[in-house]
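Q: Attaching a predicted model along with its sequence, questions to come.
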Amino acid sequence: MSEDRLLLGVDIGTTGCRLCAVSAHGRVIGAARAHYSPEHPGEGRAEQDAATWWGALCRCARELFARVPADSLAALAVSGQSAPLLPLDAQGAPLRKAILWQDTRASVQTAQIARNFGRAKVRSITGLPPAAFTIWPKILWLQEREPTVFERAMTFPSTTGYVTWRLCGRHALDRSSAMGYPIELETGRWSRTLCSWANFPTDRIPPILPCGSIVGHVSPQAAAEACLPEGLPVAAGGMDTACAALAVGAHAPGRAFEVTGTSGGFGIVAPRPSAEESLAVSAHLLPDVYINHAPMSAAGASLEWFVRQFCHAERQEAQRRGVSAYEILEEQIDDLPDRPTGLLFLPYLAGERAPVWDPNARGVALGFGLSTTRAELARSIMEGVAYALRQNLDIARRAGLSPDALRSCGGGSASALWCQIKADVMGLPVVAYPSQRDAAYGAALLAGLAAGVLTRDRLDSMLPDEGPTIYEPREEMSALYAQHLERYRQLYPRLRHLF
């Protein structure tokens, strides 16, 4: 395969779509982004129209391929948000809006799973404890609450699976996105024990394929709509967390990463799944390794919520200056003394996954008074996310997983302020990669592996034009944050019964 062939990565996130064209040497040749938002029709509910994903992909493709030659593409792969509940009819049309991973309406069904099997047993089989954020209890909810839709549904694809089907007309569930199904983590097969209860419809779930295997080729219709070459190989993609990990080089045992996007969390690559029940485990994109990770539900979303609800003036100023509202807010934070705010923020605005796995948990801001400024509240959100990461890191350490640095990716990695806070709170160097090293970039690398353009031993040589920025922990600041961290640890246990 010629070295001048390009690789295309597609990321279908919670708040937007991004396409990234990458050379065989790892250079980003072009990228495009389209924004959209989830709908929240009620407390604890989050939905999206799947047509939004495809429309965003097509808009990005038209923009990208006006600048980049599409006929140079060798293959593509899709990254996506955690599997939603998306019932499709026999023609592949959605029967309702997708119920997203953020949606916790299936709490009752989650509790039923836990009572029937026990949290520990489910976690040992699937890599996840019973959780309302996952697709398994959501399908049970659909059976009970929308039986007509359930009966009409012919298949329930993941995010990556739906977009892959739109591209090539074939259904598949990649191993990475299979997290949250009643599937055996280590074999990739359906668990007879779990599936026999409540008659889980395994016959209506797409076939499970290894990440990077060729699912099909771009169809004539998709080629016309998305400006892609007809016949382009389409590889089975992966969950956005795994694709982001690959993008920043977290693909070998011992390497750790943190992501602050809409959700967030951190992960450590290992040859075996951890037995620590507070952590989740999923298959990586590459064979023979797993990601032991602590997914968080609203890391970046907490700050986005704050900016949307309380920073009207900053948004106006940002529009006037042609920058983001986050930049304006960080300018204000930079004027504060460089020390912990002393405020505590629990970033559980959408419930929380690791370490508490509680869909009913909610956000808490503690300690503010009449003199507290908007900038201090914003910094306290950044600190709260860092405290949550540290709490999960300490759990991982007790389980024998001890990284010496964290590779940072996602939108939060672009903030020098936030990266330094994370380094100080976690007591680890934070290695922030350029913003283009994201899930779409990781999906492009996966496409390269699928097409034979790349090999696994070349991944570490896929260096960006601009190297990472390393934020070292500052001893004095780490000691100050440690005092507040102990207070943070007490928040959820003391307030749990009030949620």
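A: Alright, I've got the coordinates.
Q: Low-confidence stretches in the stretch 1-150 of the chain?
A: 1-3 (pLDDT under 70).
Q: where exactly do the strands run in it?
A: Defined through DSSP state E, counting those that start in this stretch, the strands belonging to the stretch 1-150 of the chain, from first to last, are 6-12, 16-23, 28-35, 47-48, 73-80, 98-99.
Q: Nearest spatial neighbour of Lys138, chain-adjacent residues omitted?
A: Once its chain neighbours are removed from consideration, Lys138 has its nearest residue in Leu85; the separation is 4.0 Å (CB to CB, 6 or more residues apart in numbering). Yep, even glycine has a C-beta here, placed from its N, CA and C like the rest.
Q: Please disregard the earlier target; I meant Leu173.
A: Closest residue to Leu173 apart from its sequence neighbours, by CB to CB, 6+ apart: Pro206 at 4.5 Å.
Q: right, and that neighbour touches Tyr162 too?
A: No - under the criterion of CB atoms under 8 Å, Pro206 makes no contact with Tyr162, lying 9.6 Å away.
Q: tell me the domain boundaries of this protein?
A: Structural domains assigned to the chain are 6-248, 299-432+468-498, following automatic domain parsing.
Q: Off-centre distance for the longest one?
A: Relative to the mean C-alpha coordinate of its chain, domain 6-248 is positioned 12 Å out (CA atoms, centre = their mean, to the nearest Å).
Q: measure that domain end to end?
A: 19 Å (CA to CA, to the nearest Å).
Q: Wait, Ala24 touches Leu449, no?
A: No - between Ala24 and Leu449 there is no contact under CB under 8 Å: 11.5 Å.
Q: Adding distance to Pro355 and mean neighbour count, write the strands of the stretch 1-150 of the chain out as CSV.
A: Output for these, formatted as CSV (distance: least, CB to CB, whole Å; neighbours: other CB atoms under 10 Å):
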stretch, distance to Pro355, mean neighbour count
strand 6-12, 27, 30
strand 16-23, 28, 25
strand 28-35, 31, 18
strand 47-48, 27, 22
strand 73-80, 25, 29
strand 98-99, 24, 24
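Q: any chance of these in a markdown table, plus distance to Arg437?
A: Formatted as a markdown table, the entries for these read as follows, by distance: least, CB to CB, whole Å:
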| stretch | distance to Arg437 |
| --- | --- |
| strand 6-12 | 11 |
| strand 16-23 | 10 |
| strand 28-35 | 9 |
| strand 47-48 | 26 |
| strand 73-80 | 13 |
| strand 98-99 | 27 |
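Q: Please identify which of the ones you listed is closest to Ala313.
A: strand 28-35 (21.7 Å; CB to CB).
Q: would you put the C-alpha positions of that closest one in CSV?
A: Once side chains and other backbone atoms are set aside, the C-alpha atoms of strand 28-35 remain, and they are given as CSV (Å, rounded to 0.1, in the frame of the first residue of the first chain):
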residue,chain,number,x,y,z
VAL,A,28,-3.2,15.2,10.2
ILE,A,29,-4.0,16.3,6.7
GLY,A,30,-7.4,17.8,7.4
ALA,A,31,-10.3,17.7,9.8
ALA,A,32,-13.8,19.0,10.1
ARG,A,33,-16.3,19.3,13.0
ALA,A,34,-20.1,19.7,13.3
HIS,A,35,-21.8,20.4,16.6
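Q: Contacts for stretch 18-30, please.
A: By CB atoms under 8 Å, 6 or more residues apart in numbering, the list of residues contacting stretch 18-30 from outside reads 1, 3-11, 31-34, 57, 60-61, 64, 67-68, 73, 436, 438-441, 443-445, 448, 453-454, 461-465.
Q: measure that stretch end to end?
A: One end of stretch 18-30 sits 11 Å from the other (CA to CA).
Q: Mind pulling up the pLDDT for Ala365?
A: In the predicted model, Ala365 carries a pLDDT score of 97.
Q: Any buried residues in the longest helix seen in the chain, and which?
A: Under DSSP state H, the helix in the chain containing the largest number of residues is helix 374-398. When burial is assessed from 16 or more other CB atoms under 10 Å, helix 374-398 yields the following buried residues: 375-393, 395-396.
Q: Now do the strands in the stretch 201-350 of the chain.
A: In order along the chain, the stretch 201-350 of the chain carries the following strands (DSSP E, counting those that start in this stretch): 208-209, 214-217, 233-239, 256-260, 264-270, 280-283, 290-296, 344-346.
Q: Contact partners for Ala451?
A: For Ala451, the contact set (CB under 8 Å, 6+ apart) comprises 1, 5, 7, 74-75, 233, 235.
Q: Out of those, which is nearest to Leu428?
A: Within the contacts of Ala451, proximity to Leu428 (CB to CB) peaks at Leu7, which comes in at 31.4 Å.
Q: Kindly state the beta-bridge partners for the closest one.
A: With beta bridges defined as DSSP bridges, Leu7 has these partners: Val22, Ala75.
Q: filter the contacts of stretch 18-30 to the buried ones?
A: The buried subset of those (16+ other CB under 10 Å) comprises 6-11, 31-34, 57, 60-61, 64, 68, 73, 436, 438-441, 443-445, 448, 453-454, 462, 464.
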